[in-house]
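Visitor: mind folding the following:
(chains A and B)
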There are 2 protein chains.
Amino acid sequence: MDEFGLIRTYFSADTDAEGVVLGVGDDAALLQPTPGHLLVTCVDTLVAGVHFPEDAPPEAIGHKALAVNLSDLAAMGARPRWFQLALTLPEVNEAWLADFSHGLRRLAAEHRVALVGGDTTRGPLTLTVQAMGEVAPDKALRRTGARAGDLLYATGTLGDAALGLDLWQRGVRGHEPAAPADFLIGRLHRPTARVSAGLAAAGLARAAIDISDGLLADLGHLLETGEGLGAELQAECLPLSAAYRVHCNDPLPGAAALTGGDDYELLFVVAQEQEAAFLNALQDDPAGCTRIGRITPDSEITLRRDGQTEVLTRQGYMHFK
Amino acid sequence: MDEFGLIRTYFSADTDAEGVVLGVGDDAALLQPTPGHLLVTCVDTLVAGVHFPEDAPPEAIGHKALAVNLSDLAAMGARPRWFQLALTLPEVNEAWLADFSHGLRRLAAEHRVALVGGDTTRGPLTLTVQAMGEVAPDKALRRTGARAGDLLYATGTLGDAALGLDLWQRGVRGHEPAAPADFLIGRLHRPTARVSAGLAAAGLARAAIDISDGLLADLGHLLETGEGLGAELQAECLPLSAAYRVHCNDPLPGAAALTGGDDYELLFVVAQEQEAAFLNALQDDPAGCTRIGRITPDSEITLRRDGQTEVLTRQGYMHFK
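Guide: Just a heads-up that it's a prediction; the model follows:
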């Protein structure tokens, strides 16, 4: 099957999608932006063997390629609208493509985000998704804006994907393992983009980022405001899944929760005077939202645990203060 | 140098770019679309060894990665505004990156198109550029719309890049060769996106496409209207560069001009009653514009040459009628 056959079969235009004047099949797509809104655009590449295991289920790869981009839009408080897919494949494997396309399409349908274009090329397996969303100008969530005293909130649970990767690399597969392993591997392969949480927090949080590189690394980005800010995290408050606790046999968060990547939860900075409104907006969101600490004026990230304070480096190495 | 260092050094935000509310460095970019315009978006991937020779000058690779996308926008009649770069690199080679960035930036500055985001990843050398432009809704140039009797116009000259690739693959390099070889290799490595020609033709041509896969293949796309259309090309009229004629030692176009890819000229379908207005709009464009044939109602592509008519397949194989 040639490039055009591929496109027609697996990546045909989303028909009737809102705001799509012309979709897949021309030199470019024609889209109708919403008047008065900003266009929000991001791009993320997944390389086989680097961003997902070579033997990950193709349906999961399709899901993840879109999810990581929807997560970026969510971190801006944007409503996702359209995306493009640049797919580099070593060979045309129709079974692989059918599964890949299924995972991608299912997530796209869930978020009503339309595939409007792309490119298919021959080469080492690499996927680049570019996603577009929209946000009202006064509601966009940026990384900058944190001030000392602001509160830190995280959606969902942390560290699951890192544990899932460890399990997968140790050969754990399918439905043989206990349920916690299934859950953790699922969190690695099929991250949930916290779109509704980002929309709910838009205009209410002071800053936001998605946790793709690990809590400490991404928190570090929120602190890069030039004001010498730091943060104090409460170990007892970090949200852990039941599977995490069972797997680690430890009620407190370890390295996976602090530094593990690929969770794609959202990390919000919330002004104290906005906390009630923020919580009210987020209260029904399926992601949940947990207060994990606060912004401090002293340029260190510290972890309060058992009444002691550890200083954390942004790479996560710990030593006692 | 880590990913963030790379981004800061070579792919920092274009400052003061029009319509950029927030550029490189957050989860996504925030852009201000022009009211009343459509957003035009495209994405193209270049894989090393497939879309450019592994040993192509990095500055040329940077140029080409953006140029092929600007060409897609030009084929829609759009004004280019912003782009994103997803760069997958096997290693961090700063000299390579500096040259690559230079080629990319120079072309971006020429067209006043702003780099607003991207992603850098580790893996086999692959470049995906996603470009955004704008067009008034009634001026967008699509592939569809050709009718029997319409005229075919091409910008620039055809077949140069295919000859350049042949020379490059035979080891011709640098400034030793005669000037024609230099010119042809330059056309391969540094294609000119016909942005001004696309803008001039917007609202005047009936349909357009950029010639990336070769004249016959891309003409074939313009004929896919479901109306069973064909085209008649005039061999004597196909625009050839002086270098092409010298290199081929033949005044008439051969396979390179008919089927060679990578020229990135524009192919326009123009209604007869619009021809004068079209030519008037294009007359000062540096690309030039040549009438090469017309749309016919009989579903074949034919070539008139020396008073005879050849039937061409869309892959370019010829036999006499």
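
Visitor: near chain B at all, the helix or strand containing A:Ser71?
Guide: According to DSSP states H and E, A:Ser71 maps onto helix A:58-75. Yes. Among the residues of helix A:58-75, A:Ser71, A:Asp72, A:Leu73, A:Ala75 lie within reach of chain B under CB under 8 Å from any CB of the partner chain. The C-beta positions use only the backbone N, C-alpha and C, and glycine is treated the same way.

Visitor: how about that helix: buried residues?
Guide: By 16 or more other CB atoms under 10 Å in any protein chain shown, the buried positions in helix A:58-75 come out as A:58-75.

Visitor: now do the SS call for A:Gly36.
Guide: coil (DSSP: H, G, I helix; E, B strand; the rest coil).

Visitor: what pLDDT does the model give it?
Guide: With respect to pLDDT, A:Gly36 scores 96.

Visitor: now for it, how many residues are close by?
Guide: Counted by other CB atoms under 10 Å in any protein chain shown, the residues lying close to A:Gly36 total 10.

Visitor: what is the subsequent helix or strand relative to the helix holding A:Ser71?
Guide: strand A:79-89.

Visitor: hmm, that next one touching chain B?
Guide: Yes. Counting by CB under 8 Å from any CB, chain B has neighbours in strand A:79-89: A:Trp82, A:Gln84, A:Leu85, A:Ala86, A:Thr88.

Visitor: residues of the next helix or strand after that strand that come out buried?
Guide: Remark: after strand A:79-89, the chain's next helix or strand is helix A:94-110, criterion DSSP H and E. For helix A:94-110, burial by neighbour count (16+ other CB under 10 Å) applies to A:Trp96, A:Leu97, A:Asp99, A:Phe100, A:Ser101, A:Gly103, A:Leu104, A:Arg105, A:Leu107, A:Ala108.

Visitor: tell me which of these is nearest to A:Leu219?
Guide: A:Leu107 (26.8 Å; CB to CB).

Visitor: thought the closest one was touching A:His63?
Guide: Yes. With contacts counted by CB atoms under 8 Å, A:Leu107 reaches A:His63, the gap being 5.2 Å.

Visitor: contacts only, for the residue sitting nearest the centre point of chain A.
Guide: Note on chain A: the residue nearest the mean C-alpha position is A:Tyr264, at 2.8 Å, using CA atoms, centre = their mean. For A:Tyr264, the contact set (CB atoms under 8 Å, 6 or more residues apart in numbering or on different chains) comprises A:Ala67, A:Val68, A:Ser71, A:Ala161, A:Pro191, A:Thr192, A:Ala193, A:Arg194, A:Asp210, A:Ile211, A:Ser212.

Visitor: flag every residue of the stretch 51-200 of chain A that's near chain B.
Guide: Checking the stretch 51-200 of chain A against chain B by CB under 8 Å from any CB, the hits are A:51, A:71-73, A:75-76, A:78, A:82, A:84-86, A:88, A:116-119, A:121-124, A:126, A:128, A:130, A:132-133, A:135, A:137, A:140, A:142-144.

Visitor: do that again at 6 Å, thanks
Guide: Residues of the stretch 51-200 of chain A lying close to chain B by CB under 6 Å from any CB of the partner chain are A:72-73, A:75-76, A:84, A:86, A:88, A:119, A:121-124, A:126, A:128, A:130, A:140, A:142-143.

Visitor: just the buried ones from these, in PyMOL syntax?
Guide: Here is the PyMOL command that selects the buried residues among those (16+ other CB under 10 Å):
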select buried, chain A and resi 72+73+75+76+84+86+88+119+121+123+124+126+128+130+140+142+143
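
Visitor: nearest spatial neighbour of whatever residue of the stretch 51-200 of chain A ends up closest to chain B, skipping sequence neighbours?
Guide: Taking CB to the nearest CB, chain B has its nearest neighbour within the stretch 51-200 of chain A at A:Gly123, 3.6 Å off. Distances taken as CB to CB, 6 or more residues apart in numbering or on different chains put B:Val47 closest to A:Gly123, at 3.6 Å, once the chain neighbours are dropped.

Visitor: so where is the stretch 201-321 of chain A shaky, pLDDT-wise?
Guide: Along the stretch 201-321 of chain A, segments meeting pLDDT under 70 span A:314-321.

Visitor: tell me where it has strands.
Guide: Secondary structure of the stretch 201-321 of chain A (DSSP state E, counting those that start in this stretch): strands at A:207-211, A:230-234, A:265-270, A:289-296, A:301-305, A:308-312, A:318-320.

Visitor: is it possible to get a markdown table of those strands that adds distance to chain B and mean neighbour count?
Guide: Converted to a markdown table, the strands of the stretch 201-321 of chain A look like this (distance: least, CB to the nearest CB, whole Å; neighbours: other CB atoms under 10 Å in any protein chain shown):
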| stretch | distance to chain B | mean neighbour count |
| --- | --- | --- |
| strand A:207-211 | 6 | 26 |
| strand A:230-234 | 19 | 21 |
| strand A:265-270 | 10 | 28 |
| strand A:289-296 | 18 | 21 |
| strand A:301-305 | 17 | 19 |
| strand A:308-312 | 19 | 15 |
| strand A:318-320 | 21 | 10 |
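
Visitor: of all the ones you listed, which one is nearest B:Ala257?
Guide: strand A:207-211 (49.7 Å).

Visitor: how does chain A divide into domains?
Guide: Listed by the TED database, the domain ranges of chain A are A:3-135, A:150-311.

Visitor: gap between the last one and the chain center?
Guide: In this case it means domain A:150-311. Counting by CA atoms, centre = their mean, to the nearest Å, domain A:150-311 is centred 11 Å from the centre of its parent chain.

Visitor: hmm, who's touching stretch A:195-213?
Guide: By CB atoms under 6 Å, 6 or more residues apart in numbering or on different chains, the residues outside stretch A:195-213 that reach it are A:70-71, A:74-75, A:77, A:111, A:139, A:141-143, A:145-146, A:150, A:155, A:218, A:221-222, A:261, A:263-271, A:274, A:277-278, A:281-282, A:285, A:287, B:27.
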